[in-house]
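*Asks:* Sharing a model prediction with you, sequence too.
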Amino acid sequence: MNLKCEEAVRQFFIYLDHSLAGEPLETLEEHLRECLDCCERLEFSRQLDGVVKARLEAGTVPAGLEDRLRKCLANLKGAQGG
């Protein structure tokens, strides 16, 4: 299966949490071997994930962050027709 960049990016945080397996994992890793842009995006996602997790562990999440994230995710879901 040829994975498009948009589809690959949607799987990054699942991948970073080690929750992607089987054919989807193989397909994403194949795409990453061939796509420098997605490799760079994955590295950014990895850094962002690390910062967020560190903040969560330290209990220093800014006020209102959860609400902003929920709104952002709702907007993304609406834009994708889901």
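*Replies:* Done, it's in.
*Asks:* C-alpha from now on. contacts and neighbour counts both.
*Replies:* Fine.
*Asks:* Leu20 against Ile14, yeah?
*Replies:* Yes: proximity of Leu20 to Ile14 meets the contact threshold set by C-alpha atoms under 8 Å, at 5.8 Å.
*Asks:* ok, these two, which is more surrounded?
*Replies:* Set Leu20 next to Ile14 and count neighbours by other C-alpha atoms under 10 Å: Leu20 wins out with 16 against 13.
*Asks:* And the helices in this structure?
*Replies:* Using DSSP state H, the helices of the chain run over residues 5-10, 12-16, 22-34, 36-58, 65-79.
*Asks:* which of these sits most buried?
*Replies:* helix 12-16 (a mean of 16; mean count of other C-alpha atoms under 10 Å).
*Asks:* on contacts alone, who are the packing partners of the lowest-mean-pLDDT helix or strand in the chain?
*Replies:* For the chain, counting by mean pLDDT, DSSP states H and E, helix 65-79 ranks last in confidence among helices and strands (a mean of 81). Packed against helix 65-79, as judged by 3 or more C-alpha pairs under 8 Å, 6 or more residues apart in numbering; DSSP states H and E, are no other helices or strands.
*Asks:* which residues of the protein score low on pLDDT?
*Replies:* Within the chain, the set of residues satisfying pLDDT under 70 comprises 1, 60-61, 79-82.
*Asks:* rerun that using 90 as the cut-off
*Replies:* 1-2, 13, 48-82 (pLDDT under 90).
*Asks:* Phi first, then psi, for the most far-flung residue of the chain relative to its centre.
*Replies:* Within the chain, the residue lying farthest from the chain centre (C-alpha atoms, centre = their mean) is Ala63, at 22.5 Å. The phi/psi pair for Ala63 (degrees, to the nearest 10) reads phi -60, psi 140.
*Asks:* Could you check how far it is from Leu69?
*Replies:* 12 Å (C-alpha to C-alpha, to the nearest Å).
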